[in-house]
Structures are given as C-alpha cells and as structure tokens.
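Enquirer: Need coordinates for the following:
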Amino acid sequence: MEIKKLILYINTLKYLKPIQVYYRLYYFFRNRFFLKNQTKSLNKEPSSLKWSKGILNIDSLKKNKKFIFLNIEHQFKEEIDWNIDIYGKLWTYNLNYFDYLNQQSNTAKEGLELINTYIKKSLLLKDGKEPYPISLRGINWIKFLSKNKIKDQKINQYLYADYQNLLYNLEYHLLGNHLLENGFSLYFAAYYFDDKQLYKKAKKILINQLNEQILTDGAHFELSPMYHQIVLHRVLDCINLIQLNTKKKDDLFLFLIEKAKLMLSWLQEITYKNGEIPMLNDSTNNIAPSSNQLFKYAEKIGLKWKVKALSTSGYRKVNVAQYELIIDIGNIKANYQPGHTHSDLFNFELYVKNKPFIVDTGISTYEKNNLRNQQRSTKAHNTVQVNNLNQTEVWGGFRVARRAKSKIVEETNKSIKVTHNGYKKVNIIHQRKFEYQKKIIVITDQINGQTNQIVRAFLHFHPTINIAQIKNNTITFNNNETCITFDSQEIEIVKEKYEYCIGFNKTEKATKITIIFTNKLTTKITLYN
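Expert: Predicted coordinates for the structure are as follows:
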C-alpha cells in the first residue's frame, strides 16, 4: 500500500469508537464461521395496535408495478425484482423500505399483495435483508397492518423473524442514524408484538443514542437538516405510538417529548420563512417530510415548543426583513460517523425576500464515484479554497480523514469572525468575518501564511438568478435588487456554469462566480428596495 494511502486510512480510522472496531471484527468472523438461524416461532397473535395521525409518505408507487425513487422511474414488466441493482444500492434500498405502503393512493388490497409477493421471494433477497432496510420496512409494515386492522399469521411470523435477525445484527459497527433507526424500529416491534425483550433493547438504544446524537441546541449531530427531519419524524412517530396505545406514560415518553421539543426548536430556527431548508451537508429535496409537515404533526399530537438560537451545532442564522443568512462555522460533531459531512467550513446560504439567492450546491448521488466526491468538496461550497485542496479530506463516498478545525475569534449580534486550520499542510490559516446589517452583508477573507498559493473564493447562485454584468469588480443582476462588490489588491473574477442539485439524480444549470485573489478579499453584498 502506498504511504499516502496508508496515512489517509490512518487519519480515517483513528476516529472510530472501540465499539465500532469490535463489531466490525465480530460480525466479520461470526458471519463467516458461526452464523446460525435466528428465526423464532411467534407463539401468540399480536394484539391490535392503533395507528393514525401519521405523515403519509410521498407517492413512489404508481399503477402496474411502476416505482419512482430518487427521481428514477422503473416499471417491472413481470414480477418485481427486489434485488434490482441497475440504479445503485440506494434505489434498491428504497424498493425494500416499503414506504409506498403508507402513501395516499395505496389500498389495503394492493399493500397486502406486495407484502405477500415479497415474502414469497424471501430466500432470494439480498440488500433487503440488511439491518437498515429491515428497520425501515418493519415500521412501514407495522403502520400499514395496524392502520388497516389486518391480522395475518404468515405476515406476522415473517415480520417477527425479521426482527430476530435485526436484534442479531444491530448496526453498532456504524452507529449514527443507522443504529438510531434500528432502535426506532425495535420500539414499534415491541409494541406490535408486546415483546419485553424488544422493548428493553429499543429503550436502551433510544436513550443512549438520542442523548448522544441530539446536541444541546437541538440539532442532530450529523448536521444535515434533511437527516434532522428524518430523525425528528421518527421521534414524533414514537410519541404518537405511545399516546395511541399506552394508558400509563413512562419515563421514556417524557424523554422523547423533551428531545422532540429541542429538535423542533432547531428545525424551526434553521428553516427559511418559505418553508425550505438549507442544503447543508447531505441534504436534498423530496426525501424527508418537510418542516411544515413536521410542525403540523407535532401540533396534532399536542406538542408545544419554544424557539432558541442556534449554537452548538455550529450554524448561525441571521433574520432581517430583507434577507435570511445561514453560516456554517462548526466542526464535525459526529466524529466517528461523518459519512454525511462535507468539506464546507465557512460556507453560507443567502435568501433574499424569501427566495434563494446564494445557495449550497446540494447533492444528487450517494454512489461512490467522482461526482459524489466533487459534491462534498470545498469548491462545491461558498467558501475559500487554497491550492485546489479540500479543507477536510472527504473521500470514498462517505469517508473523512484529516479534518479542519474552526475557532471563533469574536462574535457579536452584528458579526462573527472565525478561523480554521484546514490548509495547515501549506502553512495557511483562513480567517473569515461576516458582518450583517439591514441591507448590507460584508464578508472579509484573510489568508494568513505563505503568499505564493492559489486562492479562490466561490459564490454559487440559484438557477433563477441571472447576472446582468460584471464590471469594475462589481456584479449586478437582472432583478435590480442586489449587487456584489469585491475589494482586493489583485483580483480575477470568472463566471462559470455548475450543476445545481434539486434532488437525487436531478440537476439544473446555474451560474457560479470564482474570485481568484492573493491575501485579502472583501465581498460586499448590497440589497436595494
């Protein structure tokens, strides 16, 4: 192995928790030499479970076995191939999640037919037998069966066997949102099967992981607004489940209520006034329930919460009449599971009059390829890049090696100054200061260290934004509402096109500006009217 690659692996693996290393080794050897059948007989019929009020899933199943996941449509001409792999693993996962059981247009008859078709192919299943798809599918089946008051011994036995398999393969080697999804699913199964073993394990996972994964300002520690929405949806579902099916509420119920309130506060603060979320880290459209759906769901099950400022998540939100500004100044929080992290320190998004103006480029793939690496890179964000390097070494689709560390130099209600050491290998410290007034935002970048480096700042504009002209270091726009002026001793401004991600496998051409400078750059954004 090359020395460079060995160092990359060392800088990646050193952040793993001992429990992750242990379970990677344990599962590796157990599954090859000691694997045994985990199927247990279901000795009693599950009691009737109540389910209502939940959020319906996006319609992903159309007529005649036509499925749409990740903006890719496929129609099975004959029987459904549950192992289909031509669109990537995530598409196959979605097919096996069974979200479509709980979409608006699906009937009980159609849902039952799909479940029975799946069970018939049980021995042939591949990706669908992994712990993560089992977790999501289990919740969807339980919701569907309960809502439609279906009692079917064959289905229940299959479902129960799936949960024995899940118990035997909990994702301790990954942790993060994967283990949390295991816990949520076990909790639904504990209620459905009235199983004390499942309840005990679910409660332990939920308390431990929510305490670790939900930060003090309410953010999910992977710092993706999309994954925050997904996890919050699960917490609200568990609260709803308890309210509908338990006469006496226990300490876990109160614990979930408090976590939900924290998460609702963070989500409300970071969500734009028009209901959209910033596309920070791994976030994209039409995957998670919207913020407004989650707020309405929370209100429907009786929750009330107070909104507080962003803090420990490392995000800052500036709300004034004319604009909304979101700034990323925080370090990686999920050190041992940074798969959804981007190399984006000091990145920002700017909405003007409730419309996107300067945006994060987003994501369109989870495939482990050059496009995935590019979308996680520094140059795909509204920040500064030195010598074509990434501040943080993102690689391999979901891996992170050397990490940039940021530090707040000073912070007031009108400005914030921060530095990071992501370019220390070329002896550079990047300092960025944001100053915000009612109609003016000033961003000052200072490059401290060697001066013979190639330094670029990037601004990515939303596809609806059209540049009128670039003249005298000033950019004007066709809407006549905004202008951007740059001040630097030596400067070159380059106008280019980029692919703005509007969902998985779906992009749109938009304009970006690259500003090449030396030591210091001042960017002044002025809003008119």
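Enquirer: count of neighbours near the residue lying closest to Tyr160 once chain neighbours are set aside?
Expert: Distances taken as C-beta to C-beta, 6 or more residues apart in numbering place Leu42 nearest to Tyr160, at 4.5 Å, with adjacent residues excluded. C-beta here means a position set from N, CA and C on the backbone, and glycine is covered the same way. Counted by other C-beta atoms under 10 Å, the residues lying close to Leu42 total 16.
Enquirer: Tell me which other helices or strands the helix or strand harbouring Thr92 touches.
Expert: Here Thr92 sits within helix 89-97, counting by DSSP states H and E. For helix 89-97, the elements it packs on are strand 66-69, helix 131-147, judged by 3 or more C-beta pairs under 8 Å, 6 or more residues apart in numbering; DSSP states H and E.
Enquirer: what does the one helix or strand Leu6 maps to contact?
Expert: Using DSSP H and E, Leu6 sits within helix 3-13. Where contact means C-beta atoms under 8 Å, 6 or more residues apart in numbering, the residues beyond helix 3-13 that reach it are 1, 393, 395, 399-402.
Enquirer: Closest to Tyr323 out of those residues?
Expert: Using C-beta to C-beta, Val400 is the member of the contacts of helix 3-13 that lies nearest Tyr323, at 31.6 Å.
Enquirer: Asn373 is in contact with the closest one, correct?
Expert: No. Using C-beta atoms under 8 Å, Val400 is not in contact with Asn373, being 11.5 Å away.
Enquirer: Need the overlap of contacts for the two.
Expert: In contact with both Val400 and Asn373: Val394, using C-beta under 8 Å, 6+ apart.
Enquirer: quick one, which of those two is more surrounded?
Expert: Val400 (25 against 17).
Enquirer: Contact partners for the more buried one?
Expert: Counting by C-beta under 8 Å, 6+ apart, the residues that Val400 touches are 12, 15, 332, 338-339, 341, 392-394.
Enquirer: what's the closest non-adjacent residue to it?
Expert: In this structure, Val400 finds its nearest non-sequential neighbour in Pro338, 4.2 Å apart by C-beta to C-beta, 6+ apart.
Enquirer: my read is Asp81 is in a helix, agree?
Expert: No. Assigned with DSSP: H, G, I helix; E, B strand; the rest coil, Asp81 falls outside any helix and is coil.
Enquirer: neighbours around it, how many?
Expert: Neighbours of Asp81 (other C-beta under 10 Å): 14.
Enquirer: same thing with Arg432?
Expert: Around Arg432 there are 26 residues (other C-beta under 10 Å).
Enquirer: Could you pull up the residues touching it?
Expert: 346, 383-384, 417-419, 443-446.
Enquirer: before we move on, the earlier item: name the SS class of the residue nearest to Val400, please.
Expert: coil.
Enquirer: what ranges do the helices span in the stretch 101-250 of the chain?
Expert: 108-120, 131-147, 153-168, 176-193, 196-213, 225-245 (DSSP state H, counting those that start in this stretch).
Enquirer: quick one: pLDDT of the closest residue to Asp344 other than its chain neighbours?
Expert: Counting by C-beta to C-beta, 6+ apart, His381 is the residue found nearest to Asp344 once chain neighbours are left out, at 4.1 Å. As predicted, His381 sits at a pLDDT of 98.
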